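K.L.:
just a sequence and a predicted model for now, questions to come.
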Amino acid sequence: MAMRVDMRQVVLVIASAVDLVGIDDVLHGRRIGVMAVECAKALGWDLAAQNLVFDAGLLHDCGVSSTRVHRAMADDLDWQDAHIHCERGSRLLHDFAPLAHLAPIVLHHHTPWEELGKLPVPPTIARYANLINLADRVDNLAAPFHADNTLLLQVDELRSLIERRRGSCFAPDLVDAFLDVSRAEAFWLLLNPDFIPQYVSEMSRFEKKRLIGLAELKQFALTIAAIVDAKSQFTSDHSLGVARLSRFLAEKSGIAGERLDLIEVAAALHDIGKLQIPDEVLESPAKLTPAERALMKKHSFATYQILKRIGGFEELARWASQHHESLNGGGYPFHLFAGAIPLESRIIKVADIYQALAQERPYRKPMPAADILDILRTMQADNEIDAMMVDIVAQNLGDCHMAAVGPLV
């Protein structure tokens, strides 16, 4: 299978997923991209370089999945563990061929300029990475003033803070370019949520679509799954386990060929929206409050909104986002009834339930396969899940458990 995909849409999907970790501020990556491009223009960089730093800005924090880590980064500009997410983000991008060229930029986007010169980093890459570092630092300093609309009152102080790090944290000519473009109110007003979507659209206008094969599509899904599963020790490998089990159940259901691969992709992507859930809620050892349950119910709709942005992903977006729908209409977020829920979504739902029950959670130990099957039978009796899927699980219990989390013990 090959589909023609706008790679900027793919970048934006990953960026949107990562930015969800900010919870109340989901535009950080896009603001970095905007600032990097405006500085690149002042430096006379060509359109290719502008697009490169824009994408690097969008994806610079792809190694961050935890809301705790996100808060630490926002609160401490010289956070000593910053290198961890740089290294992780670089590895993720390196493994996805269409975006591998951004990996070294992400790796060094927190490395001070005076240290970059001592490393075996190509000069061009060093400058790209340092520009992302500068824009990131500006945005972290400016973040408190977006909410109360007082950013323009802080411009002089922000510019002064960057200028003081000229030659140490940041390359002198990059600082000069920033000081040049940031004199104008227009530079800061571009960072307003009302104007960012138009800027992103204009940057994407001339982006060429390219064919992406099934192997690259699966690698994209695995990249997203790795970001999501790293959010908590309790969700480690959850998306990958759901993807494996979904493929197994689909194959036993008689589905073959590319459809199997597409179900696996959708299953790997099903929990993107969970990045927006605070770590404290996901890892709560206590029963969730009504407010926390309502917060949890946002995640599958967020998955739908993110995935449907990629042209050609409309069907996959539905399969992935309907994994909490119930045949009796009591699921969420769409309250679909059986006739409106495709087989693919039913498969992913059962795989999601099984994998979650088989994995440790903060409020319980992993459940044995027989107990999981009992729960699935109860849900089947309540017309929540597909009876055929439960029968397949019952007939292949050991193989299902292996696909979900590993061998039975």
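P.N.:
That came through fine.
K.L.:
so Leu179 makes contact with Glu163?
P.N.:
Yes. The pair Leu179 and Glu163 qualifies as a contact (CB atoms under 8 Å) at a distance of 6.4 Å. The C-beta positions use only the backbone N, C-alpha and C, and glycine is treated the same way.
K.L.:
tally of neighbours for the nearest residue to Asp237 once chain neighbours are set aside?
P.N.:
Setting aside the residues directly before and after it, Asp237 is nearest to Asp229 in space (CB to CB, 6 or more residues apart in numbering), at 5.7 Å. Neighbourhood size, Asp229 [other CB atoms under 10 Å]: 21.
K.L.:
for Val121, give me its contacts.
P.N.:
Counting by CB atoms under 8 Å, 6 or more residues apart in numbering, Val121 makes contact with 104, 108, 129.
K.L.:
just those: which are in helices?
P.N.:
Applying DSSP state H to the contacts of Val121, the entries found in helices are 104, 129.
K.L.:
can you pick the most crowded of the contacts of Val121?
P.N.:
Ala129 (25 neighbours).
K.L.:
what ranges of the stretch 201-350 of the chain fall below the confidence cut-off?
P.N.:
206-209, 233-234 (pLDDT under 70).
K.L.:
which residues touch whichever helix or strand Thr223 is part of?
P.N.:
Secondary structure assignment for Thr223, by DSSP states H and E: helix 214-229. For helix 214-229, the surrounding residues in contact (CB under 8 Å, 6+ apart) are 1-3, 10, 13-14, 17-18, 62, 65, 92-93, 95-98, 212, 235-240, 243, 258, 261, 264-265, 268-269, 271-272, 274-275.
K.L.:
let's see it at 7 Å
P.N.:
1, 10, 14, 17-18, 62, 65, 92, 95-98, 235-240, 243, 258, 261, 264-265, 268-269, 271-272, 274-275 (CB atoms under 7 Å, 6 or more residues apart in numbering).
K.L.:
filter those to the buried ones?
P.N.:
Buried members of those, counted by 16 or more other CB atoms under 10 Å: 10, 14, 17-18, 62, 65, 92, 96, 98, 235, 237-240, 243, 261, 264-265, 268-269, 271-272, 274-275.
K.L.:
what about the strands in this structure?
P.N.:
For the chain, the strands defined by DSSP state E cover 2-6, 209-213.
K.L.:
now the angle between helix 214-229 and the last one, please.
P.N.:
Which is strand 209-213. 90 degrees (axes from the mean of the first three to the mean of the last three CA atoms, to 10 degrees).
K.L.:
partners of strand 209-213, with directions?
P.N.:
Strand pairing for strand 209-213, determined by DSSP bridges: strand 2-6 (antiparallel).
K.L.:
report the mean per-residue pLDDT for stretch 106-114.
P.N.:
For stretch 106-114, the mean per-residue pLDDT is 96.
K.L.:
now do the helices in the stretch 251-400 of the chain.
P.N.:
258-268, 279-282, 290-296, 299-307, 314-321, 343-358, 369-381, 387-395, 397-404 (DSSP state H, counting those that start in this stretch).
K.L.:
which of the ones you listed sits most buried?
P.N.:
helix 343-358 (a mean of 24; mean count of other CB atoms under 10 Å).
K.L.:
circling back: buried residues in the helix holding Thr223, which are they?
P.N.:
For helix 214-229, by 16+ other CB under 10 Å, it's 216-229.
K.L.:
tell me, what residue is most central in the chain?
P.N.:
Among the residues of the chain, the one closest to the centroid is Ala17, at 2.8 Å (CA atoms, centre = their mean).
K.L.:
what's the nearest residue to that one if we skip its chain neighbours?
P.N.:
Ile272 (4.9 Å).
K.L.:
what is the burial count for Leu152?
P.N.:
Other residues within reach of Leu152, judged by other CB under 10 Å, total 11.
K.L.:
surely it meets Glu185?
P.N.:
Yes. Leu152 lies in contact with Glu185 (CB atoms under 7 Å); the separation is 6.1 Å.
K.L.:
still on that earlier bit, let me see the contact set for the residue nearest to Ala17.
P.N.:
17, 224, 228, 302-303, 306.
K.L.:
ok, Gln322 next?
P.N.:
Neighbours of Gln322 in contact, by CB under 7 Å, 6+ apart: 334, 336, 341, 345.
K.L.:
what's the separation between the first one and Val265?
P.N.:
If I follow you right, that is Phe334. Distance, Phe334 to Val265, by CB to CB, to the nearest Å: 21 Å.
K.L.:
the second one too?
P.N.:
Between Leu336 and Val265 the distance is 21 Å, computed by CB to CB.
K.L.:
likewise the third one?
P.N.:
For Ile341, the distance to Val265 equals 19 Å [CB to CB].
K.L.:
residues near the nearest residue to Ser182 once chain neighbours are set aside, how many?
P.N.:
Counting by CB to CB, 6+ apart, Ser182 lies nearest to Arg159, which is 5.6 Å off, once chain neighbours are set aside. By other CB under 10 Å, the residues close to Arg159 number 16.
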